[in-house]
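>>> Fold the following, please.
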Amino acid sequence: MASKLLDRLRRTLFKEGEVVASEPIDVPEDSFPESSELDDTECLSERLGGTLCFDGESAMESEDPDTSPVDLSPGVSSLLTCQLQESWRSLSCTVPEKLVFEVTDASVVPESSSKYVLYTIHVIQSGMFDKTPAVITRRYTDFERLHSRLRRRHGDHMERVCFPRKRLRKNFVAETIAKRSRAFEQYLTHMHSLAELRRSPTFLEFFYLGDLQAGQMLMRVGRYQEALGPLLNGLRLQEKLGCEQQGKQQPHHQQGTHWLFTLLALVTCFQELEQLGEAQEHCDRALRDVAPSPEALQQHLFHPLLIPLLQTNVRLSWKISKDKRRWEVLLQEIQDSGADVGNQPSLKEYLMKENLVESEGNTKAKVKRDDTT
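Okay, here's the model as predicted:
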């Protein structure tokens, strides 16, 4: 597809190896039988995602053996390549990375005198082989609660969104479960396609917050190995949903706090399990997100966890013989500015006390569930 797009542009700009005059070109519509494929930006992004390459001479090679290459001079060829590069960068900035939501399992789970269906959903990045798919398990009432909250907060975008209704009977037959599985896939895909909903804390926390809460509870009782599973899954979910970028732009926002909590929780778990390389890697990643600018440092405007993070990273780097000079210099600059670097809480103390709540209130509030779903 990339070679066909490039060839069409060549035909438009050049004729028999020479630049065509600036007058309009009268080209019959049937000369480009596939031109309709370019009308839809999202379709174009989906079809070309990950296939356009402008490295070296391979960028100008045709993948279609039936297409004769156009003889372009080096200067003109370079100009055309630059124009294509710029167009593709602009397109990539406007089209978000697409996620695929796939229900891979739906199990009927007994619960005291009732039962419910538990849906397992894989969250996968499209356009490439995703080595780290993230997984969530949700039941009907979880989706119903999400839908209700999105309607309250984003009513204009939710007016025409269909949601699978409850049924009085046959909720556990294979046909109903299959239909609901497809409906939930389409529902999440549609929510993620809308920019306002895709960035909504209500939508984002539906995916990852339960994992962070589970990891924190396990850490509080010293079960660090078990805590790694939900914490790593929560990290992958946040990465796919774009929470990392939100955390960098707004470190004190709810999503920024959750993102940093995840990294620090992994640092602590790996430390307790004597996996120091992994601990230092996540510590270094957190520092890159919260490191202040020189101007902010002069005004003492930096993250309250910056000092304990620096101290932890320096110790970990020393233990695994990794270069730590950059962070030692920053820590010394903070100390020279008059900040107290000796009376700081440990990262573990912060993690145990942090109250992980949803944006709409305390997650400990119980939600009534319908036993017929």
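>>> Before we go further, residue 149 is sitting in a helix, right?
Yes: counting by DSSP: H, G, I helix; E, B strand; the rest coil, residue 149 is located in a helix.
>>> and it, how many residues sit next to it?
Using other Cβ atoms under 10 Å, residue 149 has 20 neighbouring residues. For the C-beta atoms, the positions are set from N, CA and C on the backbone; glycine is no exception.
>>> Excluding chain neighbours, give the residue nearest to it in space.
residue 202 (4.8 Å; Cβ to Cβ, 6 or more residues apart in numbering).
>>> List the residues that contact the one you found.
Counting by Cβ atoms under 8 Å, 6 or more residues apart in numbering, residue 202 makes contact with 146, 149-150, 153, 358-360.
>>> Can you tell me which of the residues you listed are buried?
Among the contacts of residue 202, those buried by neighbour count (16 or more other Cβ atoms under 10 Å) are 146, 149-150, 153, 358.
>>> Looking at the residues you listed, which two lie furthest apart in space?
Farthest pair in those (Cβ to Cβ) is 150 and 358. Separation: 12.9 Å.
>>> that older thread, regarding the residue nearest to residue 149, which helix or strand does it belong to?
helix 201-220 (DSSP states H and E).
>>> next one: residue 308
In the assignment (DSSP H and E), residue 308 maps to helix 306-319.
>>> pLDDT of that helix, averaged?
Averaging pLDDT along helix 306-319 gives 95.
>>> Dump the C-alpha coordinates for it into PDB.
The C-alpha trace of helix 306-319 is given here as PDB (Å, rounded to 0.1, in the frame of the first residue of the first chain):
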ATOM      1  CA  LEU A 306      11.800  13.700  44.200                       C
ATOM      2  CA  ILE A 307      14.400  13.600  47.000                       C
ATOM      3  CA  PRO A 308      13.500  10.000  48.300                       C
ATOM      4  CA  LEU A 309      13.400   8.900  44.700                       C
ATOM      5  CA  LEU A 310      16.900  10.300  44.000                       C
ATOM      6  CA  GLN A 311      18.200   8.700  47.200                       C
ATOM      7  CA  THR A 312      16.700   5.300  46.300                       C
ATOM      8  CA  ASN A 313      18.100   5.500  42.800                       C
ATOM      9  CA  VAL A 314      21.600   6.400  43.900                       C
ATOM     10  CA  ARG A 315      21.700   3.500  46.300                       C
ATOM     11  CA  LEU A 316      20.300   1.000  43.700                       C
ATOM     12  CA  SER A 317      22.700   2.200  41.000                       C
ATOM     13  CA  TRP A 318      25.600   1.800  43.400                       C
ATOM     14  CA  LYS A 319      24.600  -1.700  44.200                       C
END
